[in-house]
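Undergrad: Build me a model:
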Amino acid sequence: QVHLVESGGALVQAGGSLRLSCAASARTFGYYHMGWFRQVPGKEREFVAAVTWSGEATYYADSVKGRFTFSRDIAKNIMYLQMNSLKPEDTAVYYCTAADRSEGLTTTPSDYIYWGQGTQVTVSS
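TA: This next block holds a predicted model:
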């Protein structure tokens, strides 16, 4: 069982920055692919970024590429999503998630098996 807890969501002005954190239970990094998704009411959950279990490859949605950075502190069991140059369209609930490493890394929410409770990010114009 993997336990994930997000934090760091806030209200920020357009152009600003935020860093989201996701605290994971022990023995998560290195055993699961890890990802960030986001969701707004009435829409499907949207892929943001993901890293393979080995940490060798990181993928980003086109909409956040160059602005968001995914990182992990393996010793602390915490992963981060640094978000810069935020836009109003980045407003959403952000979730961290884990997927079985025996499968290939995907951007499909249903392929991820553990989810945090989410943290709200609101970007004002």
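Undergrad: In terms of helices and strands, where is the spatially most central residue of the chain?
TA: Nearest residue to the geometric centre of the chain (CA atoms, centre = their mean): W36, 2.0 Å. Assigned by DSSP states H and E, W36 belongs to strand 32-39.
Undergrad: Show residues contacting that strand.
TA: 2, 20, 22, 24, 28, 45-53, 70, 72, 79, 81, 90, 92-101, 103, 105, 109, 112, 114, 118, 121 (CB atoms under 8 Å, 6 or more residues apart in numbering). (Each C-beta comes from the backbone N, C-alpha and C, glycine too.)
Undergrad: What subset of these is buried?
TA: 2, 20, 22, 24, 28, 45-53, 70, 72, 79, 81, 90, 92-99, 105, 109, 112, 114, 118, 121 (16 or more other CB atoms under 10 Å).
Undergrad: hang on, isn't A99 packed against S110?
TA: No. The pair A99 and S110 fails to qualify as a contact (CB atoms under 8 Å) at a distance of 10.0 Å.
Undergrad: Give me the distance between the spatially closest residue to the residue nearest to the centre of the chain that is not a sequence neighbour and S102.
TA: Leaving aside its chain neighbours, W36 sits nearest to V48 (4.2 Å; criterion: CB to CB, 6 or more residues apart in numbering). Relative to S102, V48 is positioned 23 Å away (CB to CB, to the nearest Å).
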